[in-house]
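Participant: Please find the sequence and the predicted model below.
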Amino acid sequence: MRLPCVTYGELIPEVITYNTLRSLVAHGNVQRLKRGGGEGSPALIVYNSLPEKYRKRYEEKYGGTPEDLYKKMNVKERFKTDGEAMAFYEAFEYELNGVQTHLSEGLKEEYTVNASVLNVLIESLDSMRSQEKKLNNPRRALWDIISANSERLRYRSEEERNDGENPVHTLPRNLNRLKDTVREYRPAIEYEGRRYPHNYLSLISGKIGNKNTLKITPEVGELLLAFKRSRNPVFTDRQIFERFNLVELPAHNESLEVKIKNGAAEAVDGGGIRDVETGEVSYMWMPLKSLRSLVRWFNDPEIVKKWYDAEHGEQAARQRFKIGFDTEIASCRDARWEGDGTKLNLYYRDREGKRCTCTVYEVIDTYSEALLGYCISDREDYRQQYNAFCMAVRNTRRKPYEIVTDNQGGAKTKRMQDFMKGISHIAHTTMPNNPQSKTVESVFGRFQQQVLHQVWGFT
């Protein structure tokens, strides 16, 4: 059951005074679903528990109930045309019967409108995700609203909707396909030496251009991916295109022709040659006719997974392609403690004159994001974790229900695992170096951005 909630900031002072609200909560006349604590974690008041006169004041001020406002959030009857998308589709060319061709005017308009509508849907989705905790909504409810918004923007009027004529956009009606479209469209891309805020290529049908006619054999594909993944030297798409056509292709075909002349191979059907001794068949390589076709091949959903980590890093690739799971935030204190260590931006010389640094291990309560215990030492091991959790227990005089750590340092030792199981009901680990899996990573990040950056020596 969903309980629409409001924050103190939305009620005070125009809807209700602070002292009145505090008195109603203290006497149990108004239900408080969550106590406030930490940045981005405000106290929540159950809207339906407010007296009727205060609910009327709220609706007069904001123009509806929290649920009404939630459903209308950032939904625009008229969307703003995406100028970047328009410029992209105006300049886009594809190969048609060996000739570079622009998109038709109808396709330019269709893709530009689809991109503009997707911008509205993504903006709505991001806004609602930031507010979903306040209304206690499950994640699937957000996509139901996004799908409804997409259908709302599909036609200009109810008459056209009933007739099914003249749709404004052609985005998928199916919810799962719409999710996939948003997921592919969202990331920024670089194309033809220019960076675009979204993947406009993903909206172009695979039937257009020579994507389907681009014949890249597995052997050629492995070579192109090797160039794409190379870090020393680093090749641009144009350099890969030119190197393949001017260097690799002539050398490969010439070596096959030499084998035929020397009698070491014989020609077979399909443009290939068979090695006389081994019987292996090799094929002549065909030149790449278009740089754009090569770029589209690199950005194919199945191909991009093979080079993305080399160019953007393992962390970025994991965030883009790995399936994520949603974790509910703790609803009360001591329900979930998290521990994690990080290097300090402090360096010193030891007795032997070597440059050294130190690390800190922090334990937090995810409900309030309060720092409960810590330990500073030269390295992260089970002693450091043990001291940090002991401080947390001493400071709170409580034991947590659940403990979450990463799978690094002393967390992997049996001694530390037995200790954590002894002071909690559940103790488990998450993936290391994955900020999305633990709240403590977010706390570290905000502490660095808001506090440590003021220190002159912080990097």
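Facilitator: Received it, and whenever you're ready, just let me know what you need. Residues are numbered from 1 along each chain as shown.
Participant: Tell me the secondary structure at the residue nearest to residue 110 when sequence neighbours are not counted.
Facilitator: Distances taken as CB to CB, 6 or more residues apart in numbering place residue 170 nearest to residue 110, at 6.0 Å, with adjacent residues excluded. To be clear about C-beta, it is placed using only N, CA and C from the backbone, and glycine gets the same treatment. Secondary structure, DSSP: H, G, I helix; E, B strand; the rest coil: residue 170 is coil.
Participant: what pLDDT does residue 170 get?
Facilitator: We note a pLDDT of 90 for residue 170 in this prediction.
Participant: Okay, it and residue 273: tell me how far apart.
Facilitator: 47 Å (CB to CB, to the nearest Å).
Participant: These two: which is more packed in?
Facilitator: A side-by-side neighbour count of residue 170 and residue 273, using other CB atoms under 10 Å, places residue 273 first with 19 against 13.
Participant: Now do stretch 19-26: distance to the chain's middle.
Facilitator: What separates the centre of stretch 19-26 from the centre of its chain is 41 Å, taken as CA atoms, centre = their mean, to the nearest Å.
Participant: Just the CA coordinates for that stretch, please, in CSV.
Facilitator: Provided in CSV are the C-alpha atoms of stretch 19-26 (Å, rounded to 0.1, in the frame of the first residue of the first chain):
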residue,chain,number,x,y,z
ASN,A,19,4.9,24.3,16.8
THR,A,20,1.4,23.1,15.8
LEU,A,21,2.8,20.3,13.6
ARG,A,22,5.3,19.3,16.4
SER,A,23,2.4,19.1,18.9
LEU,A,24,0.2,17.0,16.5
VAL,A,25,3.1,14.5,15.9
ALA,A,26,3.9,14.3,19.7
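Participant: pretty sure the residue nearest to residue 110 contacts residue 114?
Facilitator: Yes - at 6.3 Å, residue 170 counts as touching residue 114 under the criterion of CB atoms under 8 Å.
Participant: other SSEs contacting the top strand by length along the chain?
Facilitator: Scanning the chain for the strand with the most residues, using DSSP state E, yields strand 336-349. When contacts are defined as 3 or more CB pairs under 8 Å, 6 or more residues apart in numbering; DSSP states H and E, strand 336-349 packs onto strand 355-365, helix 382-396, strand 402-406, helix 439-450.
Participant: any chance you could map the helices in the stretch 201-350 of the chain?
Facilitator: 218-229, 237-243, 249-261, 291-298, 301-304, 308-312, 314-321 (DSSP state H, counting those that start in this stretch).
Participant: What residues sit buried inside the last one?
Facilitator: Neighbour counts over helix 314-321 (16 or more other CB atoms under 10 Å) mark 317-318 as buried.
Participant: if we can go back for a sec, would you list the helices and strands packed on strand 336-349 in a markdown table and tack on mean neighbour count and mean pLDDT?
Facilitator: A markdown table is the format used below for those (neighbours: other CB atoms under 10 Å; pLDDT from 0 to 100):
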| stretch | mean neighbour count | mean pLDDT |
| --- | --- | --- |
| strand 355-365 | 18 | 90 |
| helix 382-396 | 18 | 92 |
| strand 402-406 | 23 | 89 |
| helix 439-450 | 16 | 82 |
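Participant: In its sheet, which strands sit next to the longest strand of the chain, and in what direction?
Facilitator: The pairing partners recorded for strand 336-349 under DSSP bridges are strand 355-365 (antiparallel), strand 402-406 (parallel).
Participant: Same list, these, but as JSON lines with distance to residue 190 please.
Facilitator: Conversion of these to JSON lines gives the following (distance: least, CB to CB, whole Å):
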{"stretch": "strand 355-365", "distance to residue 190": "36"}
{"stretch": "strand 402-406", "distance to residue 190": "33"}
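Participant: Out of these, which is closest to residue 265?
Facilitator: Taking CB to CB, strand 402-406 is the member of the strands paired with strand 336-349 nearest to residue 265, at 55.3 Å.
Participant: and the helix or strand just after that closest one, how far from the chain's centre?
Facilitator: Next along the chain after strand 402-406, taking DSSP states H and E as the criterion, comes helix 414-423. Helix 414-423 sits 34 Å away from the centroid of its parent chain (CA atoms, centre = their mean).
Participant: do stretch 372-391 as well
Facilitator: Distance, stretch centre to chain centre, for stretch 372-391: 32 Å (CA atoms, centre = their mean).
Participant: Likewise for stretch 299-318?
Facilitator: 13 Å.
Participant: Equivalent analysis for stretch 115-132, please.
Facilitator: Centroid separation between stretch 115-132 and its chain, computed with CA atoms, centre = their mean, is 14 Å.
Participant: tell me which residues in it are buried?
Facilitator: Neighbour-count burial for stretch 115-132 flags 115-122, 124-125, 128 (criterion: 16+ other CB under 10 Å).
Participant: Alpha carbons of that stretch, in CSV - could you do that?
Facilitator: Only the C-alpha atoms of stretch 115-132 are listed here, as CSV (Å, rounded to 0.1, in the frame of the first residue of the first chain):
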residue,chain,number,x,y,z
ALA,A,115,14.4,12.6,-29.6
SER,A,116,12.5,15.6,-28.2
VAL,A,117,9.8,13.5,-26.6
LEU,A,118,12.5,11.2,-25.1
ASN,A,119,14.1,14.3,-23.5
VAL,A,120,10.8,15.1,-21.8
LEU,A,121,10.4,11.5,-20.6
ILE,A,122,13.9,11.2,-19.3
GLU,A,123,13.5,14.6,-17.5
SER,A,124,10.3,13.3,-15.9
LEU,A,125,11.9,10.0,-14.9
ASP,A,126,14.8,11.7,-13.2
SER,A,127,12.6,14.1,-11.4
MET,A,128,10.3,11.4,-10.1
ARG,A,129,13.2,9.2,-9.1
SER,A,130,14.4,12.0,-6.8
GLN,A,131,11.0,12.2,-5.2
GLU,A,132,10.0,8.5,-5.2
